[in-house]
Structure formats: C-alpha cells, structure tokens
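Student: Based on what follows, work out the 3D shape:
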Amino acid sequence: MRSNSMQLKKTIGMPQAVALYISAVLGSGVLIVPGLAAELAGPASLLAWGGMVLLILPLALSMGLLSARYPDAGGVSHFVTLAFGPRAGVIVGWFFLMSVPIGAPVAALTGAGYMTAALGLGEGARTLLAAVMLAAGLLINIVGMQLAGRVQIAVVLAIVVVLVMAFLFAIPNMQSEHYTPFMPHGWLSIGQASAILFWCFIGWEAVSHLSEEFTNPRKAAIQGVTIAAIIVGVLYFLTALATVGTQSYLHGGADVSLVWIVSQALGSWGGLLAGLTGIFICTATVIAYAGAASRVAYALARQGAAPQWMARLSSRFHTPIAALGFLAICFALVLVIYGSGLVSLTTLIQLPNATFILTYLGGCAAGIRLLKGSRMGVTISWISFAVTAVVFPFAGWAVLYPVVIVVLCWLVSFKRRARI
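Tutor: Okay, here's the model as predicted:
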C-alpha cells in the first residue's frame, strides 16, 4: 500500500481526458502530413487516410482498455511489467521516457516554425519561441493535471474551430478536376503514404501514463478515448480532403499546405492564424507528453528503476517536480544543440521514432496477454500490434537509439548487481 505522499492526485475527469487524448494524437502532423501524403500519392492519398481512420479506433482502444483495467503512472511500462516481467517493463518505460526529451522540442520547433514563417522571423526567434512553449508546458504540469486538463480543453476547442474553418474556407477552391488523375503514382504510393500517416495516429499510449490520476479510469479511458478517436479521425480526413481538393500541396508547398488554404481566404491574416494554430497544437502536444514522461520517470523511480530523486513530488501541488526538472534540462540541451546547427530538425524528428513505435508495440503485446478475458480486447490488440509491426522497419537508422538505451539499462543493472 503506497502512502499518500507517494500518490498522485486523481484530478482528471472525462472532458480533460478527451482533451489530453486529442492533444497527444492531433499534433504537428495535421499541419504537415496531409500535404506530404498528397505529394506522394496524389488524390489516392485519401484512400490511405480512409484506411488509417478505420484503424484509429483499434489503436486507441487497445491503450484505453488497458488504462481502464490497470490505471498506473507507469502506463505502458506498467502494462508490460504485468505481462512480461519487470525487466521488460523497465526497458519500455525508458524507451518512452527518453523519446519525449527529443520529441517535445521537435513539436515545439515545428509550431514555432509556422509562426516565425508567418512573421518573417529567423531561426533564433524560432528557437526562442519553442523554448517559451516548452517552459509553458512544464509550468502547467507543475501546477497539476487539473489545470493542464482545463488548458487542454480550451486549446483543443480552439484547434477544432480553426481546422473546421480551414475546411470551410477550402470548399470554394475545391474542384473535381483536382481529383484526377486519381492515382498518378500507382498503388505503391498509397502504401508509402500510409507509412507516413501512421505517425499521425499514435500517441494514445502517452495518456496511459496519466491513468492513475483519472477520477473514473474506466469511463475516462474507454469512453474518453473513443470520443477522441472519432474527433481526431474526422479532423484529419477533412484536412486531407481540403488539401487534395484545393491542390494546396502544389501551390503552397507540401509542408505548409494549411497556410495556403487559410491565406487564400484571409490574405496575410491567414498566415498569422495558421501560425497561431501551429503554436496551439504543438503546445498542447508538449503539455500532454511532458505530463506523461514525468509520470513515467516518477513511476520508474518509485519502483527503483530510476534515480530516487525522480520520485520527489511537489509539496504544494503533489506533482512530480523532480522529473519535470529532468525534462527541463533535457529540453534545454536539445534546443542548444539545434540552435548551434549541429543537428537538423529532420534528424531530430527521426531519432525518437523507433522508441515511440517500440513503446506502442510493447503496449499492444501486453494487451494481447492481459485482456484475455475480452475477445474484443485481444482482437484489437492484435490488430494494433500487426499494424505497428509493419511500420517499424520504416524507422530506418533510428533503431540505433533504442539499442543505445537497452545497452545503458543493462550497464546500470550490471553495476547495481555488482555493488550487491
């Protein structure tokens, strides 16, 4: 039995859970990926979007069912521990924990890039704005998930409004001839587009780390994730439909197609609105992932698999303040490295891909074993596992990052056993 001083407060209700799920999944991908997919497969990219929208519910529910049945700050790490033992759980926990220090700055730099492009500012301003976004995400998490959830509700509502407005703005410029030829690059291009789209539809595992703080885990995890999956699927498909129907990926550039759509309707103000949307979306993602990663660090420290100081909670807010401090240091280092020009944003984007996928694979595998009492649970876990496994080879050289993490975990474990 844990003492009250070692427990996180249950402050996340249904609306906050839905907002956290949406913000964890509806990240910077919605700004970039519709244009990139259309560039790869043309109008046929809509088939890839349709397929992924159908798969989004199994991907989401596999994590939601586990969170409802086994709510814990360890999230996927906890599920894997229950299914395959503590050693596997620790490795998966560290996979996720070491993905966020890179993934969150990448999200912040992406959102900041939209705004600085709209204002005609340089890389220095982009890095500074990203630092402000990261600091805001950390400070909100220090105060607690109740505030974070409320902020996420407001931010997600604003994002939904802007994306729906962008679709409505696009309707006058959507023409039937833009959908022909429908498959200019052949069937293979649809598969290539699907591989890119996959990154837009994972993120459900992040909120599993906040499940210990759900006021009603079953309701928030299952109903909340279902509502969020439907909203995310509809928003992604509408954005893709607008991108293809207006051919904005040809006019404005594949990576800024949303800017072109909004600018066509609002002129110069459209770029500013798109920039603000980028900041809102990416800050929401930072809040969700910083909250999740700090809970993983706290859970690992609580079970003795991370330095004990990471388990320290704020005496005032009862949040994992030491773990958030660790993330702050990591965020600062990544921004300094990026600002120095030693590493490009493209490289940073690729680095945590393999660890994110392996974290999700671990969760799906755990679902296959832990949800045996539910035929639906096992089925959707198998579907999620198979889809994720097919995408894993596309991570390429980024598989070296989880290898390094495994080696470091083994060295720490070996040194600890040697002392005993």
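Student: Quick check on Ile12: phi, psi?
Tutor: Per-residue torsions, Ile12: phi -100, psi 110 (degrees, to the nearest 10).
Student: Tell me the confidence at Ser257?
Tutor: On the pLDDT scale, Ser257 is placed at 72.
Student: scratch that, Gly122 is what I was asking about
Tutor: Taking Gly122 on its own, its pLDDT is 88.
Student: what residues are up against it?
Tutor: Thr116 (C-beta atoms under 8 Å, 6 or more residues apart in numbering). (Glycine included, C-beta is placed from N, CA and C.)
Student: Compute the number of surrounding residues for the residue lying closest to Lys372 once chain neighbours are set aside.
Tutor: Distance criterion C-beta to C-beta, 6 or more residues apart in numbering; nearest residue to Lys372, sequence neighbours excluded, is Val378 at 6.2 Å. If you count neighbours by other C-beta atoms under 10 Å, Val378 ends up with 18.
Student: Contact partners for Val378?
Tutor: Applying C-beta under 8 Å, 6+ apart, the residues near Val378 are 367-368, 371-372.
Student: Quick check: buried residues in the longest helix along the chain?
Tutor: Ranked by residue count under DSSP state H, the longest helix found in the chain is helix 268-302. Under the neighbour-count criterion of 16 or more other C-beta atoms under 10 Å, helix 268-302 has 270-302 buried.
Student: any idea which helix or strand comes after that helix?
Tutor: Toward the C-terminal end, the helix or strand that comes next after helix 268-302 (DSSP states H and E) is helix 321-339.
Student: rewinding a little: list only those of the contacts of Val378 flagged as buried.
Tutor: Neighbour counting by 16+ other C-beta under 10 Å classes 367-368, 371 among the contacts of Val378 as buried.
Student: What pLDDT does the model give Met1?
Tutor: 44.
Student: what mean pLDDT does the helix or strand where Arg369 lies have?
Tutor: Using DSSP H and E, Arg369 sits in helix 353-370. Mean pLDDT, computed over helix 353-370, is 93.
Student: before we move on, what about stretch 42-50?
Tutor: Per-residue pLDDT over stretch 42-50 has a mean of 91.
Student: Now do that stretch: everything it contacts.
Tutor: Stretch 42-50 has contacts (C-beta under 8 Å, 6+ apart) with 34, 37-38, 41, 178-185, 189-191, 193-194, 197, 236-237, 240-241, 244.
Student: what's the spacing between the closest residue to Pro217 other than its chain neighbours and Lys10?
Tutor: If the residues on either side of it in the chain are set aside, Pro217 comes closest to Pro71, at 4.1 Å by C-beta to C-beta, 6+ apart. Pro71 sits 9 Å away from Lys10, going by C-beta to C-beta, to the nearest Å.
Student: of the two, who's got more company?
Tutor: Pro71 (22 against 15).
Student: All good on my end, thank you.
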